[in-house]
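Visitor: Make a model of this:
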Amino acid sequence: MIKQMDGGVTAAQGFQAAGAAAGIKYENRKDMALVYTREPAVAAGTFTTNVVKAAPVLWDKELIEKGNPVHAVVLNSGIANACTGEEGKENNVQMAAAVAEELSVSVQEVLTCSTGVIGMQLNMEPVKKGAELLKEALADTREAARAAAEAIMTTDTCPKECAAEFETEGKKVVVGGMSKGSGMIHPNMATMLSVITTDACIGQELLTETLRSVVGDTFNMISVDRDTSTNDTCIVLANGMSGIPEIKKGTKAYEAFREALLHVARELAKQMAGDGEGCTKLLEVKVENAATVEAAKQLSKSVITSNLVKTAVYGSDANWGRILCALGYAGVEFDPEKVDLTICAEVQEGMVSIVLVKDGVATEYSEEEATKLLSQSEVSVVCDMKQGNASAVAWGCDLTYDYVKINGDYRS
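Guide: Sure thing, here's the model as predicted:
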């Protein structure tokens, strides 16, 4: 059984982190982060499927595919280093090299991540200054993990972190992570930027397989604005410092590890969905009793990505027709005259549910009570398709005036 704990990327043994204000785009704002393990780590990663890939994505993909041991991940915010040509690729290598020199490791053992404005070149002077500051600030404390999570924020309003632990072979194993993402979120592989650390001992092939399966149920099930970034990256580092034997598939240790990784990824995904640019509410859509899991995923994501559903949720309007419509154009066959739609939210009295639609027809629900539920900061919609026994959950947010304002002048 896993247990959630307070922590981030330093929760697992042997990991240190830091955040620093290097002045990459703004002065006096944390904009570089570092995650470091003295013991070499096995690395797995998932990356954007966007044809336009940023320089750090290309770098990380190559290193991880080679099976290189990894000692560090350096991340910067403010400038995405995407669509920057050969100069951008060279700048990315220089950023990795600056950190490698500070840590006395090979440049091939340093992964990179960038987020921010597309098309701008990284200035190497603040990057090199940031590498020095990060080395000085490295620590295995809770505060250091938070500083790193804060340094990768762009339009995020809060840092995203999570950690979980479990026991096997009489020893504790920890999985901890951080992520950033608020806008340009419609992942088709992973999240915007995420680094997850663990002191488990596990081979790269199995770690990669596990990460990909977890991503399909977590980071791939969120959306803010239907835009897939050029920089989407999720990296998992496993340094084996828990002292447990190597985890093998089919064992209880593996099931516990996968559950812990799933928990951390799911919580990070929900935190991002709930912090969508300009949003006021986290929207959760559960599809139940679908014919297949793939159909359930398709249906749930169709609802959370509907602009009309998102604006109705913003206005606390129980406009169930928009939900049924979004299910209808998802590309999945079902009988609309069998569908039930229910909304749920936690209010002062506890968790309350209202059935809006029964067998495709509106019930005699109270609009006032429905509005009360939809006014809460977290709202769930349950869609019972009555086709089979497959289910899926997707997360998104409402669409507000502020989303347009934020993105109307993002570069300035």
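
Visitor: Show me the strands in the stretch 151-300 of the chain, by range?
Guide: Taking DSSP state E, counting those that start in this stretch to define them, one finds strands in the stretch 151-300 of the chain at 160-168, 171-180, 193-198, 233-238, 282-290.

Visitor: quick one, what contacts Leu282?
Guide: For Leu282, the residues meeting the contact criterion (CB atoms under 8 Å, 6 or more residues apart in numbering) are 270, 273-274, 377-379, 395, 397. Any C-beta I mention is one placed from the backbone N, CA and C, and that applies to glycine too.

Visitor: Of the residues you listed - the most surrounded one?
Guide: With neighbours defined as other CB atoms under 10 Å, the most crowded of the contacts of Leu282 is Cys397; it has 29 neighbours.

Visitor: List the residues that contact it.
Guide: Remark: with contacts taken as CB under 8 Å, 6+ apart, Cys397 is in contact with 224, 273-276, 279-283, 310.

Visitor: Which residue ranges of the stretch 1-150 of the chain form strands?
Guide: Ranges of strands within the stretch 1-150 of the chain are 3-5, 15-20, 32-47, 70-79, 110-117, based on DSSP E, counting those that start in this stretch.

Visitor: can you list these in a markdown table and add mean pLDDT and mean neighbour count?
Guide: As requested, the strands of the stretch 1-150 of the chain are exported to a markdown table (pLDDT from 0 to 100; neighbours: other CB atoms under 10 Å):
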| stretch | mean pLDDT | mean neighbour count |
| --- | --- | --- |
| strand 3-5 | 96 | 13 |
| strand 15-20 | 98 | 26 |
| strand 32-47 | 97 | 24 |
| strand 70-79 | 97 | 26 |
| strand 110-117 | 95 | 26 |
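
Visitor: want to try a markdown table for the ones you listed, with distance to Leu133 as columns?
Guide: Formatted as a markdown table, these follow (distance: least, CB to CB, whole Å):
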| stretch | distance to Leu133 |
| --- | --- |
| strand 3-5 | 28 |
| strand 15-20 | 4 |
| strand 32-47 | 7 |
| strand 70-79 | 12 |
| strand 110-117 | 16 |
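
Visitor: between those, which gets nearest to Glu337?
Guide: Of all the strands of the stretch 1-150 of the chain, strand 32-47 sits nearest to Glu337, with 39.5 Å by CB to CB.

Visitor: What pairs with that closest one, parallel or antiparallel?
Guide: Strands flanking strand 32-47 in the sheet, each with its direction: strand 15-20 (antiparallel), strand 70-79 (antiparallel), strand 233-238 (antiparallel) (DSSP bridges).

Visitor: what would those strands look like in CSV with distance to Pro336?
Guide: As requested, the strands paired with strand 32-47 are exported to CSV (distance: least, CB to CB, whole Å):
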stretch, distance to Pro336
strand 15-20, 50
strand 70-79, 45
strand 233-238, 36
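
Visitor: Quick one: closest of the ones you listed to Ile244.
Guide: When these are compared by CB to CB, strand 233-238 sits nearest Ile244, at 11.0 Å.

Visitor: Report the rounded mean pLDDT for the closest one.
Guide: For strand 233-238, mean pLDDT is 96.
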